[in-house]
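*Asks:* Mind folding the following:
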Amino acid sequence: QVQLQESGPGLVEPSQTLSLTCTVSGGSITTDNYYWTWVRQPPGKGLEWFGYIHSSGTTYYNPSLKSRASISRDTSKNQFTLQLRSVTPEDTAVYYCSRLPYGVSMVDRTAGSWGQGTQVTVSS
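*Replies:* Take a look at the predicted model:
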């Protein structure tokens, strides 16, 4: 059974770049038709998706976040990462990585496999 674990700094200063890593076990990020995604949930709000990197390596981003977000992967470590540039306090949220099959919404937490989430606070 695939398992995902997010890791990264819990606290980031405004204007810095946030880097989060999702470590995957029990399955390869390069095989089958899966979408390896990043989403977040700000306090008191719903899920917001950043985008995904497909098993093939293709990426796709939320247009509203595309200018600041990058998703990449390290196949040797079976990890994929999210970088978010120029963070502000509005980027404070719980960040999740997930593995989704084709046709599933990136904000549907009842589908696919999800990490437990990691809290990120942007503050000076």
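
*Asks:* residue ranges for the strands of the protein, please.
*Replies:* Along the chain, counting by DSSP state E, strands occupy 3-7, 11-12, 18-25, 34-41, 48-54, 59-61, 69-74, 79-84, 93-101, 113-114, 118-122.

*Asks:* Mean neighbour count for the ones you listed - can I get that in JSON lines?
*Replies:* To be clear about C-beta, it is placed using only N, CA and C from the backbone, and glycine gets the same treatment. Shown next, in JSON lines, are the strands of the chain (neighbours: other Cβ atoms under 10 Å):
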{"stretch": "strand 3-7", "mean neighbour count": "17"}
{"stretch": "strand 11-12", "mean neighbour count": "16"}
{"stretch": "strand 18-25", "mean neighbour count": "19"}
{"stretch": "strand 34-41", "mean neighbour count": "23"}
{"stretch": "strand 48-54", "mean neighbour count": "21"}
{"stretch": "strand 59-61", "mean neighbour count": "16"}
{"stretch": "strand 69-74", "mean neighbour count": "17"}
{"stretch": "strand 79-84", "mean neighbour count": "21"}
{"stretch": "strand 93-101", "mean neighbour count": "21"}
{"stretch": "strand 113-114", "mean neighbour count": "18"}
{"stretch": "strand 118-122", "mean neighbour count": "17"}
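
*Asks:* Can I get the ones you listed in a markdown table including distance to Val107?
*Replies:* Shown next, in a markdown table, are those (distance: least, Cβ to Cβ, whole Å):
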| stretch | distance to Val107 |
| --- | --- |
| strand 3-7 | 16 |
| strand 11-12 | 23 |
| strand 18-25 | 17 |
| strand 34-41 | 6 |
| strand 48-54 | 6 |
| strand 59-61 | 14 |
| strand 69-74 | 16 |
| strand 79-84 | 16 |
| strand 93-101 | 10 |
| strand 113-114 | 11 |
| strand 118-122 | 17 |
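
*Asks:* got TSV for those strands, with mean pLDDT too?
*Replies:* TSV is the format used below for the strands of the chain (pLDDT from 0 to 100):
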stretch	mean pLDDT
strand 3-7	98
strand 11-12	97
strand 18-25	98
strand 34-41	97
strand 48-54	96
strand 59-61	97
strand 69-74	98
strand 79-84	98
strand 93-101	97
strand 113-114	96
strand 118-122	98
